[in-house]
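Peer 1: Here is my input; please provide its structure:
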Amino acid sequence: MPEFNFLTTHVGSAPHTNASELNARLLSMLDIPCWLQLVRRDFRENIYTQYAPTLPGAVVDEVKEKAIIDTSAAGFDSALETFYQSVLDENVDAFALHPDYARGFYTLRDALKAKPTKFAKGQVMGPISFGLTVTDQDGRACLYNEVYVDVLVKHMTFNARWQVKQLQKVSKQVILFVDDPGIIGRRHQFWYHIRGRYHGIRWRFEIMGILTSLMKLDRKDEHSQEEKFKKDEMFLHTYSFN
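Peer 2: You can find the predicted model right below:
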């Protein structure tokens with residue numbers, strides 16, 4: 001575990017419009033640089049819209065300036081099949097942030113190519129907050145879609161792995177924040193909902209699996225899949241929804 005000793009970094013969102021100018025300024029001030037989300041530059045940099053290009057069924061409403069998940073669209077099943085094939089193939093590049101939706105990420109990465117740092121920070125939206133905020137075509141929170149909740153967990157996990165892969169090229173160590181305030185604010189409501197409909201331990205593993213997946217980002221692991229599951233399950237038992 002690295003010694004941070006009150007090193008400075010940034011939360012991520014900023015009320016600015018010029019990514020290059022702000023990035024250069026923060027690089028000169030912060031110990032741990034991070035990529036910035038500039039919602040005032042483009043609404044697509046909103047953390048609830050940012051992942052639309054790589055989410056199956058995602059539709060961006062330019063008028064309402066938000067994204068929804070349309071599971072009734074003609075191409076949804078095909079997009080879902082492509083999504084899971086990328087998961088099976090461990091193709092993290094299929095989950096890359098789009099430059100038009102995350103200008104700050106590419107600005108930071110390109111700046112650090114010329115001057116690598118010891119640390120770099122990224123962030124990914126957690127599946128619970130995303131799923132409770134972004135709705136489907138009927139206005140229902142997509143977290144309560146039995147199929148799509150699995151998509152959200154896997155998507156956020158693979159996007160996080162992609163970020164780490166990119167930032168490892170320009171920094172010695174990568175710090176990744178999982179932004180999921182919904183896991184605190186609505187954890188009781190959500191846990192009782194899924195507990196009544198699914199096998200509790202299975203979904204505890206699926207939802208919290210994003211955390212244990214991030215702990216093993218792209219590391220070679222000699223353990224079998226069964227041993228991995230047991231190790232993750234032991235970790236999950238230390239986390240309580242109650």
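Peer 1: so what's the backbone phi/psi at residue 120?
Peer 2: When read as degrees, to the nearest 10, the backbone of residue 120 gives phi -150, psi 140.
Peer 1: swap in residue 39?
Peer 2: phi -70, psi -30.
Peer 1: That one is in contact with residue 46, isn't it?
Peer 2: Yes. Judged on Cβ atoms under 8 Å, residue 39 makes contact with residue 46 at a distance of 5.1 Å. Placement of C-beta: from N, CA and C, glycine included.
Peer 1: Going by neighbour count, which residues in the helix ranked longest in the chain are buried?
Peer 2: Ranked by residue count and defined by DSSP state H, the top helix of the chain is helix 148-167. Residues of helix 148-167 classed as buried by neighbour count (16 or more other Cβ atoms under 10 Å): 148-164, 166-167.
Peer 1: quick one: low-confidence parts of this protein?
Peer 2: 1-2, 184-242 (pLDDT under 70).
Peer 1: so is the residue nearest the centre of the chain in a helix, a strand, or just coil?
Peer 2: What sits nearest the mean C-alpha location of the chain, by Cα atoms, centre = their mean, is residue 124, with 3.1 Å. With DSSP: H, G, I helix; E, B strand; the rest coil as the basis, residue 124 sits in strand.
Peer 1: Please apply the same query to residue 100.
Peer 2: Applying three-state DSSP: residue 100 is coil.
Peer 1: Now for it: which residues touch it?
Peer 2: Contacts for residue 100 were tallied using Cβ atoms under 8 Å, 6 or more residues apart in numbering; they are 42, 44.
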